[in-house]
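Novice: Requesting a structural model of the entry that follows:
(one chain, ligands or ions: 1)
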Amino acid sequence: MIEFLSLIIGSVALTRFVMFPETMDEESRAIISEHISFYNYLSDTDKRYFEHRVLKFIDNHNFIGREKVEITLKMKLLIAATAIMLTFGMRRYLFPQFKNIVIYPKNYFSTVTKMEHKGETNPKYGTIVFSWDNFLEGIRIEDNNLNLGLHELTHALHFTFLRHKSFTAVVFLDHFKTLLEKLKDRQLQRKIINSGYLRHYAFKNQYEFLSVLVEHFFETPKEFNQKLPEIYEMVKLMLNLDTLKITSGEQRMVART
Ligand SMILES: [Zn+2]
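Specialist: Okay, the predicted model is just below:
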């Protein structure tokens, strides 16, 4: 009976219902508002959902500083806010597979790849790694399509969905599969290359392609939709979010599925 009920009302009422929402203090709110433009476009109701999710995200992850990094409230808030921005159209917003978020001060040498890194996502160790200067640079310049936080968190989200086939995961993966099918079309391939819009790194493999698309989707949605509308549409379906509408003030409330 409970299962039956949740099937009926699950997609409508429960997506928005929060039993005991956590309230964010003014200092934290100001930090998010100063650094994350996406948040400022949201309606007051959505801002409260956003804040609640940020606090839950912080509660559910371990933040670990390396090479003398002392974890600050700002670090936690901005990393959590980036994750919540990415998953704002979804009902699930935690990354249970990636409990640990490790922060280095700047580029670091990875013992796994034996190379210098700005960040990495390691499913084996359940860890997402950021260099703080590069993370900050990613959110400071909001329209150059480089956002380390979004990039690594998209990898983490993708890995999580490949492991746990929730409804949200199936929607995400199905649309991604359709997108990859569309990309077999030579005409579309030529269009992407000729547009010069996506940086070359996107074509390394399908994981990097996805992360780079998401960076563009949040940073320059208008240009994305003008230059590659068929791909913009697929990212929109995958994330259940329309950044173009949100940032133009057309979409007042975000429906989460
Ligand atoms: Zn990557």
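
Novice: what about E120, which SS state?
Specialist: Judged by DSSP: H, G, I helix; E, B strand; the rest coil, the three-state class of E120 is strand.

Novice: residues contacting it?
Specialist: S110, V112, T113, I128, V129, E152 (C-beta atoms under 8 Å, 6 or more residues apart in numbering). (C-beta placed from N, C-alpha, C; glycine too.)

Novice: same question, S33
Specialist: Per C-beta under 8 Å, 6+ apart, neighbours of S33: Y39, N40.

Novice: so how far is the ion from the most centrally placed residue in the chain?
Specialist: When the chain is reduced to its mean C-alpha position, the nearest residue by C-alpha atoms, centre = their mean turns out to be L86, at 2.6 Å. According to C-beta to the ion, to the nearest Å, L86 and the ion sit 14 Å apart.

Novice: Run a quick neighbour tally on the closest residue to that residue other than its chain neighbours.
Specialist: Nearest non-adjacent residue to L86, counting by C-beta to C-beta, 6 or more residues apart in numbering: L153, 5.4 Å away. Neighbour count of L153, defined by other C-beta atoms under 10 Å: 27.

Novice: got a list of what L153 touches?
Specialist: Contacts of L153 (C-beta under 8 Å, 6+ apart): T82, A83, L86, F95, T121, I128.

Novice: And for the first one, the neighbour number?
Specialist: The tally of other residues near T82 (other C-beta under 10 Å) stands at 27.

Novice: Tell me who's in contact with the residue nearest to it when sequence neighbours are not counted.
Specialist: Closest residue to T82 in three dimensions, ignoring its sequence neighbours and counting by C-beta to C-beta, 6+ apart: G149, at 3.8 Å. By C-beta under 8 Å, 6+ apart, the contact list for G149 reads L78, I79, T82, A83, F130, F135, G138, I139.

Novice: Next step: those restricted to strands.
Specialist: Cross-referencing the contacts of G149 against strands under DSSP state E gives F130.

Novice: Which members of the contacts of G149 are the farthest-apart pair?
Specialist: Greatest spatial distance in the contacts of G149: A83 and G138, 13.3 Å, computed using C-beta to C-beta.

Novice: Those two: which is more packed in?
Specialist: A83 (28 against 24).

Novice: And that one, how close does it get to M24?
Specialist: 15 Å (C-beta to C-beta, to the nearest Å).

Novice: Can you tell me the SS state at I128?
Specialist: Quick answer, by three-state DSSP: I128 is strand.

Novice: Read off the pLDDT value for it.
Specialist: I128 carries a pLDDT score of 96 in this model.

Novice: And for Q251?
Specialist: pLDDT at Q251 comes out at 74.

Novice: Equivalent analysis for T111, please.
Specialist: 78.

Novice: Repeat that for N122.
Specialist: Looking at N122, its pLDDT reads 92.

Novice: That one against T111, yeah?
Specialist: No. Counting by C-beta atoms under 8 Å, N122 sits too far from T111 to count as a contact (11.0 Å).

Novice: Settle it for me: which of those two has more neighbours?
Specialist: N122 (19 against 6).

Novice: residue contacts, the more buried one?
Specialist: V112, I128, V129.

Novice: For stretch 108-116, list every residue counted as buried.
Specialist: Using 16 or more other C-beta atoms under 10 Å as the test for burial, stretch 108-116 gives Y108.

Novice: nope, stretch 123-142 is what I meant
Specialist: 123, 126-132, 134-136, 138-139.

Novice: Show me the two of these that sit farthest apart.
Specialist: It's P123 and L136 that sit farthest apart of the buried residues of stretch 123-142, by C-beta to C-beta, at 25.1 Å.
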